[in-house]
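**Student:** Sequence first, then the predicted structure, then my questions.
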Amino acid sequence: MAHVLNPQAEGLLDQEFKCLNAGFVRLIDYMGGDESIVQAARVSYGKGTKTVHEDRGLIRYLMRHQHTTPFEMVEMKFHVKLPIFVARQWIRHRTANVNEYSGRYSVMKDEFYVPEHKAIHFQSNRTKQGRSNVEVAPELRQKMLDILLASQRQMYGEYEQMLEADIARELARINLPLSLYTEWYWKIDLHNLFHFLQLRMDTHAQYEIRVYAEAIAEITRKVVPMAWEAFEDYVLKAEKFSRLELQIIAERLDTQCISKEFLESKGFGKREAEEFLEKLQKFQSR
């Protein structure tokens with residue numbers, strides 16, 4: 001089968017999705033879409049051999065049963081501008097291809113992340129990482145911003161002094177702060193992109209990286225709408241239960257009112273409803 005042209009992706013190419021005060025995400029290239037997933041799953045050479053309804057059912061089946069390989073057939077390449085401290089969190093996802101702006105070859109731009117007032121919170125008392133929901137007084141927020149801005153101006157000014165003195169760029173850059181913006185190209189397959197989004201859209205993820213994850217999610221939702229729907233239903237908005245938790249649910253669940261017809265009226269597919277009823281029977285027979 002020839003190259004899959006994805007009209008939704010074509011319409012998004014080079015469109016800039018603003019992030020934080022000076023960052024962005026742009027889709028600059030892609031390979032495939034929902035059609036590529038079902039094509040790979042069927043190892044098919046023909047186009048249009050199945051209906052849209054059947055394609056959706058297959059994609060949902062693959063997601064439900066964690067058959068991940070067909071999702072790897074879709075790839076997206078992003079141009080991202082982001083603060084260095086966000087990049088250091090992001091790069092821990094080692095399943096992508098990355099090429100970053102180099103401060104050894106190029107002069108780093110005078111652009112820094114400055115948090116909005118609403119993003120400034122106290123340290124959480126519940127965890128060693130993360131922010132609490134306790135409001136910070138306006139005067140304290142402003143004091144923090146004044147400190148950040150003064151430090152950024154000082155360190156970038158010293159960087160410029162070293163460049164003017166012809167000190168090597170790879171040395172001149174080393175005192176620049178983590179709030180400085182960097183840029184990279186980031187290419188990843190859909191399976192690993194979904195894993196990235198599952199972790200980085202979570203409310204426990206740092207606010208700044210969540211902003212980027214949500215921008216990428218907006219793009220992904222449009223590029224692969226059927227796969228995104230399945231991802232939302234079975235991963236992003238789903239919950240996993242332990243054996244003990246399932247046992248409690250099974251003991252207290254009245255299955256008499258749960259029929260195949262009832263499930264289908266709630267949006268379950270025919271096969272999905274059958275699998276769910278089989279699960280209920282299995283849990284209650286334990």
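**Tutor:** That came in fine, so what should we check first? Numbers count the residues shown, from 1 in each chain.
**Student:** Now stretch 111-122: average pLDDT?
**Tutor:** In this model, stretch 111-122 has a mean pLDDT of 93.
**Student:** Ok, stretch 10-26 next?
**Tutor:** Per-region confidence: stretch 10-26 scores 97 on mean pLDDT.
**Student:** And for stretch 229-239?
**Tutor:** According to the model, stretch 229-239 has a mean pLDDT of 95.
**Student:** All the strands of the stretch 151-286 of the chain, residue numbers only.
**Tutor:** Remark: strands assigned in the stretch 151-286 of the chain by DSSP state E, counting those that start in this stretch are 181-189.
**Student:** so where's it shaky on pLDDT?
**Tutor:** 255-256, 283-286 (pLDDT under 70).
**Student:** try it again with 90
**Tutor:** 239-286 (pLDDT under 90).
**Student:** ranges for the helices of it?
**Tutor:** Assigned by DSSP state H, counting those that start in this stretch, the helices in the stretch 151-286 of the chain fall at 169-172, 190-200, 207-223, 225-231, 243-252, 260-265, 270-284.
**Student:** Return the distance of the fourth one from the chain's centre.
**Tutor:** Read that as helix 225-231. 14 Å (CA atoms, centre = their mean, to the nearest Å).
**Student:** Over to the first one?
**Tutor:** For helix 169-172, the distance from its own C-alpha centre to the chain's C-alpha centre is 33 Å (CA atoms, centre = their mean).
**Student:** Which elements pack onto that helix?
**Tutor:** Contacts defined by 3 or more CB pairs under 8 Å, 6 or more residues apart in numbering; DSSP states H and E place helix 169-172 against helix 138-164. For every residue, glycine as well, the C-beta is placed using N, CA and C.
**Student:** What is the helix it packs on packed up against?
**Tutor:** Looks like helix 138-164 contacts helix 169-172 (3+ CB pairs under 8 Å, 6+ apart).
**Student:** quick one: buried residues of the helix it packs on?
**Tutor:** Arg169, Ala172 (16 or more other CB atoms under 10 Å).
**Student:** And for stretch 108-120?
**Tutor:** Buried, per 16+ other CB under 10 Å, within stretch 108-120: Met108, Glu111, Phe112, Tyr113, Pro115, Ile120.
**Student:** Check the gap between the last one and Arg126 for me.
**Tutor:** Shown here: Ile120 relative to Arg126, a distance of 18 Å by CB to CB, to the nearest Å.
**Student:** picking that back up, out of the buried residues of stretch 108-120, which sit inside helices?
**Tutor:** Using DSSP state H, no member of these sits in helices.
**Student:** In contact with the nearest residue to Glu264 once chain neighbours are set aside, which residues are there?
**Tutor:** Nearest residue to Glu264 in three dimensions, chain neighbours excluded: Ala273, at 5.5 Å (CB to CB, 6 or more residues apart in numbering). Listed by CB atoms under 8 Å, 6 or more residues apart in numbering, the contact set of Ala273 reads Lys260, Leu263, Glu264.
**Student:** Give me the buried subset of the residues you listed.
**Tutor:** Among the contacts of Ala273, those buried by neighbour count (16+ other CB under 10 Å) are Leu263.
**Student:** and Leu20, how many neighbours does it have?
**Tutor:** Leu20 has 20 neighbours, counted by other CB atoms under 10 Å.
**Student:** now, which of the contacts of Ala273 sits nearest His53?
**Tutor:** Glu264 (13.3 Å; CB to CB).
**Student:** so the closest one makes contact with Arg271?
**Tutor:** No: if you go by CB atoms under 8 Å, Glu264 and Arg271 don't touch, sitting 10.6 Å apart.
**Student:** picking up where we left off before, can you list the buried residues of stretch 108-120 in CSV and add distance to Val134?
**Tutor:** Formatted as CSV, the buried residues of stretch 108-120 follow (distance: CB to CB, whole Å):
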residue, distance to Val134
Met108, 35
Glu111, 30
Phe112, 26
Tyr113, 22
Pro115, 16
Ile120, 11
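**Student:** What residue spans form the domains of the protein?
**Tutor:** Per the record, the chain has its domains at 7-113+179-236, 243-284, by automatic domain parsing.
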